[in-house]
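In: take a look and give me a structure for this.
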Amino acid sequence: MVRVRLFAGAAQAAGRRELSGDWAGLTAGEVVQELARQFPSLGPLAPTLALAVNREYVEPDHRLQDGDELALIPPVSGGEEALFEVVTHPLSADAVARKVVAPEIGAVVTFVGTVREWTHGRRTVHLEYEAYPEMAVREMERIAREIGERWPGARVAISHRVGRLEIGEASVVIAVGTPHRAGAFDACRYAIDRLKQIVPIWKKEVWENGEAWVGAQSGPPWQHPEKR
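Out: So this is what the prediction gives:
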């Protein structure tokens, strides 16, 4: 038996969030095709879906085993103007900053996190980022709500890139706009600290002589109450 989980637009198209079936031995792509036949509204979305088996991204030709969990993950960016997004393309700090500009905003502070070459004396060749996209976006929205409570009138945009990143490339861009400059600086610092605490994004550091996954979070979120 294989369990299938559907998210966001995929769940809406199929009219359900979970399915199960005797699909062991089929590929992930074949299961998607079967579901598209069962639920015609899912068909147009099928080519855009990312696939994950047991919380690991896979290609459509990945063969399923009994007990596997297959997740159908729609695109999460919502277009160029999405305030909170997980993307695979290079990031533009100017583009993210423009999202928080408004007549009532008097200051915009932008944070850009980049891939550095040396960490604790060890040379990094490149990084690989992975995320749980839907939950990551939801937690980014949560951070924005927290900022709005502490700094009334603030506007927030967060973009995080996943996949392989080379030295010097931007992995995350955060822009915060507030009526006054002090709030913008403080809220932007708050945003990156909270992102590292609660947003499910991980990175693999690839060195000249090895590699290791490093969680972006600094522990389970319940160990890090909101900063008040």
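In: give me every residue that touches the residue nearest to Gln65 when sequence neighbours are not counted.
Out: Distance criterion CB to CB, 6 or more residues apart in numbering; nearest residue to Gln65, sequence neighbours excluded, is Ala24 at 5.7 Å. Quick note: C-beta positions are derived from backbone N, CA and C, even for glycine. Shown in contact with Ala24 (CB atoms under 8 Å, 6 or more residues apart in numbering): 1-2, 64-66, 68.
In: Glu30 in helix, strand or coil?
Out: Look at Glu30: counting by DSSP: H, G, I helix; E, B strand; the rest coil, its state is helix.
In: that should have said Leu195, apologies.
Out: helix.
In: wait, doesn't it sit right on Glu141?
Out: No - contact criterion CB atoms under 8 Å: Leu195 and Glu141 do not qualify, at 11.8 Å.
In: who has more neighbours, those two?
Out: Leu195 (22 against 14; other CB atoms under 10 Å).
In: excluding chain neighbours, give the residue nearest to the more buried one in space.
Out: Ile143 (6.4 Å).
In: contacting residues around that neighbour?
Out: 156, 158, 190-191, 194-195, 198-199.
In: ok, then the element right after the helix or strand hosting it?
Out: Counting by DSSP states H and E, the element that carries Ile143 is helix 133-150. Downstream of helix 133-150, the next assigned helix or strand under DSSP H and E is strand 155-161.
In: just the helices from this protein, written as ranges.
Out: 8-14, 28-38, 93-98, 133-150, 181-198 (DSSP state H).
In: rank those helices by mean pLDDT and give me the bottom one.
Out: Per-stretch mean pLDDT for the helices of the chain is lowest at helix 8-14 (a mean of 83).
In: what's the spacing between it and its chain's center?
Out: Here helix 8-14 is found 19 Å from its chain centre; the criterion is CA atoms, centre = their mean, to the nearest Å.
In: what does stretch 89-98 give?
Out: 16 Å.
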